[in-house]
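**Student:** Task: produce atomic coordinates for the following.
(chains A, B, C and D)
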Number of protein chains: 4
Amino acid sequence: MIVAMKSDATEREVYEVVKRISSYGLNALDLPGGERHAIGIASAIPPDLRETLAEVVGSMDGVDHVTHVSRKYKLASREFRSADTIVCVKGVNIGGKDVVVAAGPCAIESKEQLNAAAKAVKAAGGRILRGGAFKPRTSPYAFQGLGLEGLKMLRAAGEKYGLVTVTELVDQHDLEVVAEHVDIIQIGARNMQNYPLLTAVGKSGRPVVLKRGPSATIDEWLLAAEYVLAQGNGNVILCERGVHPLDREHTRYTLDLSAVPVVKAISHLPVIVDPSHACGNWKYVPAMSKAAIAAGADGLLIEVHPDPSEALCDGPQSLKLEGFKTLMGEMKLVAGAVGRGMV
Amino acid sequence: MIVAMKSDATEREVYEVVKRISSYGLNALDLPGGERHAIGIASAIPPDLRETLAEVVGSMDGVDHVTHVSRKYKLASREFRSADTIVCVKGVNIGGKDVVVAAGPCAIESKEQLNAAAKAVKAAGGRILRGGAFKPRTSPYAFQGLGLEGLKMLRAAGEKYGLVTVTELVDQHDLEVVAEHVDIIQIGARNMQNYPLLTAVGKSGRPVVLKRGPSATIDEWLLAAEYVLAQGNGNVILCERGVHPLDREHTRYTLDLSAVPVVKAISHLPVIVDPSHACGNWKYVPAMSKAAIAAGADGLLIEVHPDPSEALCDGPQSLKLEGFKTLMGEMKLVAGAVGRGMV
Amino acid sequence: MIVAMKSDATEREVYEVVKRISSYGLNALDLPGGERHAIGIASAIPPDLRETLAEVVGSMDGVDHVTHVSRKYKLASREFRSADTIVCVKGVNIGGKDVVVAAGPCAIESKEQLNAAAKAVKAAGGRILRGGAFKPRTSPYAFQGLGLEGLKMLRAAGEKYGLVTVTELVDQHDLEVVAEHVDIIQIGARNMQNYPLLTAVGKSGRPVVLKRGPSATIDEWLLAAEYVLAQGNGNVILCERGVHPLDREHTRYTLDLSAVPVVKAISHLPVIVDPSHACGNWKYVPAMSKAAIAAGADGLLIEVHPDPSEALCDGPQSLKLEGFKTLMGEMKLVAGAVGRGMV
Amino acid sequence: MIVAMKSDATEREVYEVVKRISSYGLNALDLPGGERHAIGIASAIPPDLRETLAEVVGSMDGVDHVTHVSRKYKLASREFRSADTIVCVKGVNIGGKDVVVAAGPCAIESKEQLNAAAKAVKAAGGRILRGGAFKPRTSPYAFQGLGLEGLKMLRAAGEKYGLVTVTELVDQHDLEVVAEHVDIIQIGARNMQNYPLLTAVGKSGRPVVLKRGPSATIDEWLLAAEYVLAQGNGNVILCERGVHPLDREHTRYTLDLSAVPVVKAISHLPVIVDPSHACGNWKYVPAMSKAAIAAGADGLLIEVHPDPSEALCDGPQSLKLEGFKTLMGEMKLVAGAVGRGMV
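**Tutor:** Predicted structure coming up:
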């Protein structure tokens, strides 16, 4: 941590800052520059002290601003664990050599719709079936999902077609029933900083897909993961799904694919990509799916629907079943080109 | 191009828009809808005319806007309710003629700290005491609040100093205990799209301060309010607290004050402003507080702390008690200049 | 400047960085922390070395990232000049006690239009007449301005009504003719980083209104000002006009009023606000104009038009002449409330 | 709600959309325009139907998009020219089957540096040599380039190694001398809306690389291209280089790779990607280069330097010569996987 003093800070103010830092048992060094003093901390700051210390010092007289040098998260960092984390669910490894594809409808609408999707996902080489039973919708007037009935359909389809299942959890109250029916719990972008939900999922020990919030920096995203990891649940899969867009005209969000190599560099957690929500338009999903793999993603989360024009949710961004099959073939080629497999 | 007329546009104004469009040799069709007239152009508009035409027509009497569709929310709109909503809590009116100030520490840390703040808030003319008992923190290692103990302190301080109280609710499980101790429930920016929480608060009927999420558009914010309103709870106070910043160097978020006149134009709900979280630096809080009032805000939510350098949370953005007193005097002058009172 | 090393940097790499910094005659201190080493520079770094040094060191093996502690600009900073700069043009002081209002049409369209606006601006208490002769338009098919004819009209109107004049310069080739006809040269947001243009205007010595680019941080804006100041031209007036918007639905840009107190704190240059371009809708201009004054702005740049519905450019955001008169009265009250005058 | 049909939509598809809308009890009007059919709804749509209906209709065959108006640009659009534009420079085709790589140092520093880079670019299979002679720098104190001397070095290196050359033009005054020495003129991101510069380059008829401004929407970018095209110069190559970042911590800009398939869908112009400026860190350049090709980019613009730690400009984002060679091999595999060549 580095404390930049104001250019007109007094010697006394510099002294008080050094004294305060020292009172925590830390070693503070005064670095007098041309325009101002800076104060560096030459000791390890315990994670639970970092934010507090920055705020305490940041409020002191004569202080201009405080800069963190070390990361604020710990368990999610490469420094803590240098080897890649592989999340294994019923024999499917996420974060290993193979690129894993999860696909399915945005919302589960009926047994027929879900089974048609599941059959096609399996046939094309997908390993995970996605489907929403509880839908968080921007408008209270939009379709909100089938709830428990949907969960039952998802479990049945997963069992019938030999697919791992994933669904979004929106409400803590539903954690138990979701965990009972589904293999992987998804935390949506809107809930990335819903800390009670993160903590509950952390305690459950279940594999978690943690979507990045649309205005979250990468550090804020990893701190959200830290909430799950801090409960002893190491099965966290990060999912990039697009950030606040510069341009809402052609895509819903801006898919930040550079987050993939950045996360791989600073964290050991697997990272997958959801191009469907980011693009908001099925036309752009194939290009961005292939780009995600080329960028190093460990997997994809893709929306497919037997008949998008009848979809109750996110039809415009859903691939048809044939389009998905074609894309799977194309993705396999790209995976091979970057030294990955795709079973 | 589609021209949406104002809902109170006259037949004459509709006629003039059609006539103006026709004067360019274009075929304009009047589409009378349920709420308003829309005018569609059933001809090819030459590229060099498009922008000009949109601007020309957009400036005509009776025209609301060009190109857009009807709003997605209903109960929150001015079309639904034309008169300003005034939320009345224990005799304090939010959304009426007077600008109402809520102030207090970010986090409740002790009885002494809270009472010192409450006393100063009351003395300076504040009407509402804010204080966090459950703190949603970006890092799991940061101070998370005193919980129930904090709520008890807040109720006691409110009663002792005759102040209405407000605190943030993070977890549905705490709704009952929060509602029992505190007058107004705050939904934080991170939870703006936590729909189960919004629905629960809607059902409770309690007054709600709904903060805008940092990447939420104004329409998304009003749709979140719609979740509360749809439960029959009309006591919603909107709170602008800064959006995703272009510049994280000098402020934490960009306070979007234009949201104030926009919300007042399209919705009947009261809107207040939290300059402390947006600025992240107490130095800029006075300027932005006065600007908020000049922009038409119905109230302010300001962080004050008896000793910011000892604060466990957000010290750098908290005003000292004297600074708050001075600011209250300055704000009163600005309120008067824009025809508002401040008791 | 602080250099954060990677957590796995070797002692040799740390040594090389210290050695490289020392080769510039600077004093480098190694700060070993818990996870990583940081290296601080405890000497004044000359401005022309700062960026180069950061890049050189940032490319070295073992370096994670480089953080600046001191500002990159010099002449624009409060540290360089502590007293407020007052730009004086024909007796009008920008940056002094009085709030100064510049107003007029977006584009000069005719003598009649301009004179009608000028007359109203003068009568209402405005001091500066704005009007565009060279319009940089997003589309090549939009009206591009009257050019030299417009400049002549502007000079004539300024003389007739006793108003200082300001117009935008888009092309270096027009600098001489613009300087000959107009008092203040405006650099538009699109040209904030057009360095040849900034340098040319710097050399001219003429007062400059420098608009902030829509994606420019405050530091980038001040560095653009530095290009003008570095030519010995101290007459720079900064103008906030809205940044890249989160929400393009209701306003064109997000007016970042917090830039006003931030700039006043870190720079000595005057700062004015253009609410018209930011809002893109005349309805919101009065609220934001008053808010700008309350936030501490030294002046305003407002679009007014005798008949917005006939305007060739930006009609929807232009106030009518009566609306402007009313606003001037309202602004005067707010200026008074914050201890400013408005003649 | 307005539904814009595809320009090649069949009468049957139009009929189906009208029929679908009518099935909700709504009155749909077909508005046949010059380029395409649009369908307007002349009834009040209940709030709870609006989103659903937009999604349902948006997924139907023949529907291009819902709610939007016709594009503001013409010459740059696919509607104007359906076949891909291939810009041919000295036998190198940009926009054809092969992915073309341009590489070289950010700034030309010396004959030795440039020749070392050129030799390596050629040997690795690059076709175009990039090098800056006029550098637009954020700070006036940073290295501004060698000017004419640099241009001469670039021409010589291009001739010696059989490479096409590209350099940035910052100032109109330098157009002639740049055109005399260099094959392709680059317009930088800061100058994307410098209309006199765009017009001048348009008149020159020379091939142009037009970088996207960091806060430019795709439509604004295509409108900037329109300025060049409108002068009769069809040799425009678009270059995505990152937009205003959500997160400045790990990358300088957010590389918006979804712009690649979007531009390919709505325009006939070739689009290349500059991952170096966006990432600001050479570590992430390989991943994003491969992702760009997978997303459909026609080429890449990559910074390489014989010794990045001695670079006068942008060293941290420059690949070393060996790293570039390795990357070229990897990119060739990805190009092959998406059916492209790379000579």
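
**Student:** Is stretch A:303-322 positioned near chain B?
**Tutor:** No. Stretch A:303-322 is not in contact with chain B by Cβ under 8 Å from any Cβ of the partner chain; minimum separation 14.4 Å. C-beta coordinates here come from the backbone N, C-alpha and C atoms, glycine included.

**Student:** Next, residue A:289: secondary structure please.
**Tutor:** Secondary structure, DSSP: H, G, I helix; E, B strand; the rest coil: residue A:289 is helix.

**Student:** Contacts only, for the closest residue to chain B within the stretch 151-300 of chain A.
**Tutor:** Nearest residue of the stretch 151-300 of chain A to chain B, counting by Cβ to the nearest Cβ: residue A:215, 3.3 Å away. Residue A:215 sits next to A:243-244, B:213-215, B:243-244, D:246 when contact means Cβ atoms under 8 Å, 6 or more residues apart in numbering or on different chains.

**Student:** Mind naming the longest helix for chain A?
**Tutor:** When chain A is parsed with DSSP state H, its longest helix is helix A:321-337.

**Student:** per-residue confidence at whatever residue of the stretch 1-150 of chain A ends up closest to chain D?
**Tutor:** Chain D sits closest to residue A:141 of the stretch 1-150 of chain A, with a gap of 3.7 Å, by Cβ to the nearest Cβ. Looking at residue A:141, its pLDDT stands at 78.

**Student:** for residue A:185, same thing?
**Tutor:** pLDDT, residue A:185: 98.

**Student:** go on, the one 3 residues further on?
**Tutor:** According to the prediction, residue A:188 has pLDDT 96.

**Student:** In this structure it contacts residue A:168, no?
**Tutor:** Yes. Here residue A:188 reaches residue A:168: they are 5.1 Å apart, a contact under Cβ atoms under 8 Å.

**Student:** what sits in contact with each of those two?
**Tutor:** residue A:136.

**Student:** Out of these two, name the residue with the larger neighbour count.
**Tutor:** For the pair residue A:188 and residue A:168, the greater number of neighbours falls to residue A:168 (26 against 23), based on other Cβ atoms under 10 Å in any protein chain shown.

**Student:** From residue B:159, how far out is the closest residue to the more buried one other than its chain neighbours?
**Tutor:** What sits nearest to residue A:168 in space, not counting adjacent residues and going by Cβ to Cβ, 6 or more residues apart in numbering or on different chains, is residue A:186, at 4.3 Å. For residue A:186, the distance to residue B:159 equals 44 Å [Cβ to Cβ, to the nearest Å].

**Student:** do the same with residue A:201
**Tutor:** Taken as Cβ to Cβ, the span from residue A:201 to residue B:159 is 38 Å.

**Student:** ok, those two, which is more surrounded?
**Tutor:** Shown here are residue A:201 and residue B:159; by other Cβ under 10 Å, residue A:201 has more neighbours (29 against 10).

**Student:** from what I can see the more buried one touches residue A:228, true?
**Tutor:** Yes. With contacts counted by Cβ under 8 Å, residue A:201 reaches residue A:228, the gap being 6.0 Å.

**Student:** Between these two, which contacts overlap?
**Tutor:** Common neighbours of residue A:201 and residue A:228 (Cβ under 8 Å, 6+ apart) are residue A:208.

**Student:** Could you dump the contacts of residue A:215 into CSV with distance to residue A:85 added?
**Tutor:** CSV is the format used below for the contacts of residue A:215 (distance: Cβ to Cβ, whole Å):
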residue, distance to residue A:85
A:243, 24
A:244, 28
B:213, 30
B:214, 29
B:215, 28
B:243, 34
B:244, 29
D:246, 25
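
**Student:** Keep only those of the residues you listed that are in strands.
**Tutor:** Under the assignment DSSP state E, the contacts of residue A:215 contribute nothing to strands.

**Student:** Throw those into TSV and include pLDDT, thanks.
**Tutor:** Below are those laid out as TSV (pLDDT from 0 to 100):
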residue	pLDDT
A:243	93
A:244	88
B:213	95
B:214	91
B:215	89
B:243	93
B:244	88
D:246	82
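
**Student:** and which of these is nearest to residue B:99?
**Tutor:** Comparing these against residue B:99 with Cβ to Cβ places residue B:243 closest, at 22.5 Å.

**Student:** That closest one: how many residues sit nearby?
**Tutor:** Neighbour count for residue B:243, taken as other Cβ under 10 Å: 26.

**Student:** Sounds good, over and out.
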